[in-house]
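Asks: Quick one, structure for this:
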Amino acid sequence: MNLGINNNLNPDMKLAKDTLAVAQQDIKASIVLFEHSFFPQAVFSLQQGIEKGWKAYGYYIGTITPEKARSMRNDGVGHKGHKVLKITLNEFRRIIISPLIRQVNAIRKYYPSSINKESPEGSTFLTHFDNDLHWAQKEIDKITESYPNPTSEELQTRIERYQNDEQKIQECEDYFKSPEFDPKTRESIRSRAIEEVMSVLKNNPKAKEIIDNKTNNIFDDERIKNILLAVTKDMVIINPLLYFAIVTQLHESKTRYPDKDYSPLKEYTKDHPIILYFESIADITQTCLNKMDELFQISL
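Replies: All right, here's what the predicted structure looks like:
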């Protein structure tokens, strides 16, 4: 069955690496500014580093282009790093979810009512599948332009969660890299991967030959290890970087421009939630960007 999937993403590794390098320097600059109590400037540099980090990730997976990154139109990213994620999810919806919904509807048209009665599980499966696809669409739509201003308590809760996640995932990474990484685990992963490929190729008379020829290249130990490492690095990167991109977005302009009854110097004091937890946010962001740097080096 043709799912109608047309993946036209265009990764740009050079631009991803160059943008990430600038993002890492932004974070280092923000820490220096913070240490000298230049708080508005520190928060601005922090926000810029997070924004560029997301853009680097978008270039890496190919969901944004330089033109889209500079564009201030609705279809562009502009100076809103979290929009990279929204564009990524919208691309996922466009190239995968929407074609699947069309296929489900097409199957239903040719699914006779008599078969529904004889095989209700088939109809139930289609209904659940359709509901899940529409649920995924709605979840993507929930990413909005609103920028929350978190309390100190919320920031503390988030930071503690990310720090715990970081520690657990680092333990997984250390295990994947170690000589003790169980050969049986690798063999189990390899066997499951081959089963998945076989299920796709089951009607192809050359299926076994294809698997035999490709197994050593595609499912070797190094590739399995790299895939596992890439997944764990993604887990460290995505959640905290998305949250910090959203909560620091409103500070992009507030940290720079005084107004008639407003001054950044009076706003960003030691009691401001972002300043109270600045060091932790910067530290987690640095970890995210360092993991992204490692991710970019992995050959898949």
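Asks: contacting residues for Cys288?
Replies: Gly53, Val236, Ile237, Pro240, Leu241 (CB atoms under 8 Å, 6 or more residues apart in numbering). All C-beta spots, glycine's among them, are computed from the backbone N, C-alpha and C.
Asks: The same query, at a cut-off of 6 Å, please.
Replies: Cys288 is in contact with Ile237, Pro240, Leu241, counting by CB atoms under 6 Å, 6 or more residues apart in numbering.
Asks: likewise Glu294?
Replies: Contacts of Glu294 by CB under 6 Å, 6+ apart are Lys233.
Asks: Please give the element, helix or strand, for it.
Replies: helix 278-297 (DSSP states H and E).
Asks: What is the burial count for Thr269?
Replies: Thr269 has 12 neighbouring residues, counting by other CB atoms under 10 Å.
Asks: Make residue 1 into 536 and carry on from there
Replies: Understood, numbering begins at 536; the last thing we discussed is Thr804.
Asks: sorry, back to before: out of the contacts of Cys823, which are inside helices?
Replies: Ile772, Pro775, Leu776 (DSSP state H).
Asks: Look up how far Thr804 lies from the first one.
Replies: I take that to be Ile772. Counting by CB to CB, to the nearest Å, the separation of Ile772 from Thr804 is 31 Å.
Asks: next one: the last one
Replies: Counting by CB to CB, the separation of Leu776 from Thr804 is 26 Å.
Asks: same check, this time on the second one
Replies: Separation of Pro775 from Thr804 (CB to CB): 25 Å.
Asks: mean confidence for stretch 806-824?
Replies: Averaged over stretch 806-824, pLDDT sits at 96.
Asks: Just the terminal-to-terminal distance for stretch 782-793.
Replies: Taking CA to CA, to the nearest Å, stretch 782-793 runs 20 Å from one end to the other.
Asks: now the closest residue to Leu811 other than its chain neighbours: how far from Asn699?
Replies: Distances taken as CB to CB, 6 or more residues apart in numbering put Ser687 closest to Leu811, at 5.7 Å, once the chain neighbours are dropped. Applying CB to CB, the value for Ser687 to Asn699 is 19 Å.
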